[in-house]
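> I would like the atomic coordinates for the input below:
(2 chains)
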Amino acid sequence: MATDVETRVDPRLTVGAKMPYKWVALFVIIGAVLPFFLQGYATFQGTLIMIYAIAILGLNLLTGFNGQFSLGHSAFYAVGAYTAAILVYHLDWPVYVTIPFGGIVCFVAGFLFGLPALRLEGLYLALATFALGVSVPQILKSSHLEGLTGGVQGLDIFRPKVPSFLVENFGLTMDQWWYMIAFVIMLFMFWIAWNLINSRTGRAMMAIRDNPIAARSMGINASLYKSLTFGVSAFYTGIAGALAAIVIEFVAPDSFTFQLSILLFIGMVVGGTGSIWGAVFGGFFILTVPNFAEEISTGLSYAIFGIILILVIYVMPSGFAGLVNLLRMRVKKMF
Amino acid sequence: MDLFLQQILTGIANGAIYACLALAVVMIYQAIDHFNFAQGEMAMFSTYICWAMIAGGLPYWVAFFATIIISFIGGLAIERIIFKPLHSAPVLSHIVVFIGLVAIFNSLAGAIWDHNIKTFPSPFPDGSFGGLIGLHEVGMFFVTLLLLLAIFCFFKFTRVGMAMQAAAANPASAGLVGIRVGWMLALGWGLAAAIGAVAGMMIAPIVFLEPNMMLGILLYGFAAAIVGGISSPGGAVAGGFLVGIIENMAGTYIPAIGSELKLTVALVLIVTVLLFKPNGLFGKTIVTRV
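Sure thing, here's the model as predicted:
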């Protein structure tokens, strides 16, 4: 495996990348206008898609850009969600402040988990993170922590009202307001990720992914970057978790099972491993396709989901972002 | 002391299940160089096929061997039909296909044979060994060992076994010396499906037959395989017993853990093992060339 010298090098390592302003502007405009044309429930779903997109981007930073597997991101999602919920429920903190806190707690947790995980690679890391993903819901349910976490019942929290001047002037509903908050946070997180990837740090991350030994011999502190990436990845997922807790107004251990990790993983691959904006498509996929499968047939919904999944991989083996890139190349060649 | 012995034996009994599955996991890992997440569901599906044949009036052993053959062909077909076209797709995409297969098998089994729990017959006599460990568990233990021996001989002493290992370890060079790498992969899938079927049919009398029977067990099987060292079939079996025993001991002797955190403790211990032996207890240390 390590003798495989001919692996294709990520173009971002050699040429660098320019922000495609036109596309970004288009994306921002569509995203900002959308909630005014959607039904209340669709707006709510849009919010969830963006929350998933943030979490998927977090996972992507770790797996797609740094080459570390994780099957335990549901754990960070849970930690973010519970941090927000506990701060609001027990300490009466303002809801908005708890979102960055969910992220920060996860950053610390992720960094600390990343330190011992440094010794593990590939499958072994997958198993260690898997252990994390499986244990966190069990720990949250545990009777010893029931006073803090609410045990199996979970915690109910309530969102504050939409600021009154927005309601009076624009008639903004609760769903639209939180859609906007999630949208702004998502854009901000995407922007950070973009800058991170296109920096010295990002290049170091990708170099470690492509050839750890060469990276190390060039003087990159692989252990530091790997645990930092783990922390940053957990930070993203924690922010998503905190947002989800607030938007859904409820946290319970069973929302953060290992299946969530798998969903995030699917979202990452389907959106495009190593692509920032692909995360939005990934979020869209993991939110809508299971529902769609359910609508076709309740009894066989999983089978239909599985078939769709396999078909999607057939059509776009490198994810949606990969497909778009391929098409763009084709179009460019034609002219 | 009696309690201690009892717990060890229960651990071994559970461990035999994990070991059986871990063996199947390692097998396919050696043959295709991947973890097959769909293995458990494939085994479950095979077990259902066997159940249907027994329910249709076939004697146990006929159904048993027929199932093994059907599973072998099924595994072969899955590789040829689903994975061959995806040969050049990234590894992560393969894993998503595995997840898709899990969903399909799980849902299909539920749809064809409904979700009610079914009892599955054991080929071994009822009763127990000194009141401590059931005869089925003992039988399963020996079947696992027998399987291990057969696999060991297959990989060590047959040309096909050697070719399969070569194809997994270094596909390019294997192809150059004339091994048909694609078919070796398919063969690996077939074998893994067959071993999975044996594991499923051995496990089903204990955990009962239902579409989700493998979910929990497979996780332990994976854990066992990794703790034992993914490159070593013997290590996988040892890992299986180890996980079974640790899980039982922790649940019994540490009151704060009880049964609700049993799984957590087992996993934490596994991770701890990995921190000191990153390639598993019996795994080979892989030295990479720059």
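> So B:Leu215 sits against B:Gly40, correct?
Yes. Under the criterion of Cβ atoms under 8 Å, B:Leu215 makes contact with B:Gly40 at 6.8 Å. For every residue, glycine as well, the C-beta is placed using N, CA and C.
> So which residues of chain B form helices?
Along chain B, counting by DSSP state H, helices occupy B:2-32, B:39-55, B:60-78, B:91-113, B:135-157, B:159-169, B:171-176, B:181-207, B:213-228, B:233-253, B:262-276.
> packing partners for the shortest one?
This means helix B:171-176. helix B:159-169, helix B:181-207 (3 or more Cβ pairs under 8 Å, 6 or more residues apart in numbering or on different chains; DSSP states H and E).
> quick revisit: ranking the helices of chain B by burial, who's on top?
helix B:213-228 (a mean of 26; mean count of other Cβ atoms under 10 Å in any protein chain shown).
> Any residue of it touching chain A?
Yes. Using Cβ under 8 Å from any Cβ of the partner chain, helix B:213-228 comes into contact with chain A via B:219, B:222-223, B:226.
> re earlier: dump the helices and strands packed on helix B:171-176 into TSV; add mean pLDDT as well.
Output for these, formatted as TSV (pLDDT from 0 to 100):
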stretch	mean pLDDT
helix B:159-169	84
helix B:181-207	85
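> Out of the ones you listed, which is closest to B:Phe65?
Closest approach to B:Phe65 among those is made by helix B:181-207 (10.1 Å; Cβ to Cβ).
> Quick one: distance of the closest one to the chain centre.
Put simply, helix B:181-207 sits 8 Å off its chain's centre (Cα atoms, centre = their mean, to the nearest Å).
> what helices or strands is that helix leaning on?
When contacts are defined as 3+ Cβ pairs under 8 Å, 6+ apart, helix B:181-207 sits against helix B:2-32, helix B:39-55, helix B:60-78, helix B:135-157, helix B:159-169, helix B:171-176, helix B:213-228.
> Export those as TSV, with columns for distance to A:Phe305.
Listed next are the helices and strands packed on helix B:181-207 as TSV, based on distance: least, Cβ to Cβ, whole Å:
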stretch	distance to A:Phe305
helix B:2-32	24
helix B:39-55	14
helix B:60-78	18
helix B:135-157	33
helix B:159-169	30
helix B:171-176	31
helix B:213-228	16
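> in chain B, what secondary structure element scores lowest on mean pLDDT?
Least confident helix or strand, chain B: strand B:128-129 with a mean of 70, by mean pLDDT, DSSP states H and E.
> repeat for chain A
Per mean pLDDT, DSSP H and E, bottom of the list for chain A is helix A:11-14, a mean of 65.
> Show me which residues of the helix or strand that comes right after that helix are buried.
Counting by DSSP states H and E, the element after helix A:11-14 in chain order, helix or strand, is helix A:21-33. Buried residues in helix A:21-33, counted by 16 or more other Cβ atoms under 10 Å in any protein chain shown: A:Gly31.
> Give me the contact list for helix A:21-33.
A:180, A:183, A:187, A:277 (Cβ atoms under 8 Å, 6 or more residues apart in numbering or on different chains).
> For A:Leu155, give its distance to A:Tyr82.
Between A:Leu155 and A:Tyr82 the computed distance is 8 Å (Cβ to Cβ, to the nearest Å).
> between the two, who's got more neighbours?
A:Tyr82 (29 against 21; other Cβ atoms under 10 Å in any protein chain shown).
> what residues are shared contacts of A:Leu155 and A:Tyr82?
With Cβ under 8 Å, 6+ apart, A:Leu155 and A:Tyr82 have common neighbours A:149, A:251.
> ok so, going back, any chance of the helices and strands packed on helix B:171-176 in TSV, with distance to A:Ser74 too?
Shown next, in TSV, are those (distance: least, Cβ to Cβ, whole Å):
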stretch	distance to A:Ser74
helix B:159-169	31
helix B:181-207	25
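> if I look at the residue most central in space within chain A, how far off is A:Gly154?
Residue closest to the mean C-alpha point of chain A, counted by Cα atoms, centre = their mean, is A:Ala55 at 1.5 Å. Note on A:Ala55: its distance to A:Gly154, by Cβ to Cβ, is 19 Å.
> repeat for B:Val181
Distance, B:Val181 to A:Gly154, using Cβ to Cβ: 51 Å.
> go on, A:Ile266?
25 Å.
> what's the residue in the stretch 101-250 of chain A positioned nearest to chain B in contact with, if anything?
Closest approach between the stretch 101-250 of chain A and chain B, counting by Cβ to the nearest Cβ: A:Ala131, at 3.5 Å. Contacts for A:Ala131 (Cβ under 8 Å, 6+ apart) come out as A:72, B:223, B:264, B:267-268, B:270-271.
> That one is in what secondary structure piece?
Assigned by DSSP H and E, A:Ala131 falls within helix A:122-141.
> any chance you could map the strands in chain A?
A:155-156, A:250-251 (DSSP state E).
> Just name the most buried of the ones you listed.
strand A:250-251 (a mean of 22).
> which helices and strands sit right next to that one?
Using 3+ Cβ pairs under 8 Å, 6+ apart, strand A:250-251 sits against helix A:73-91, strand A:155-156.
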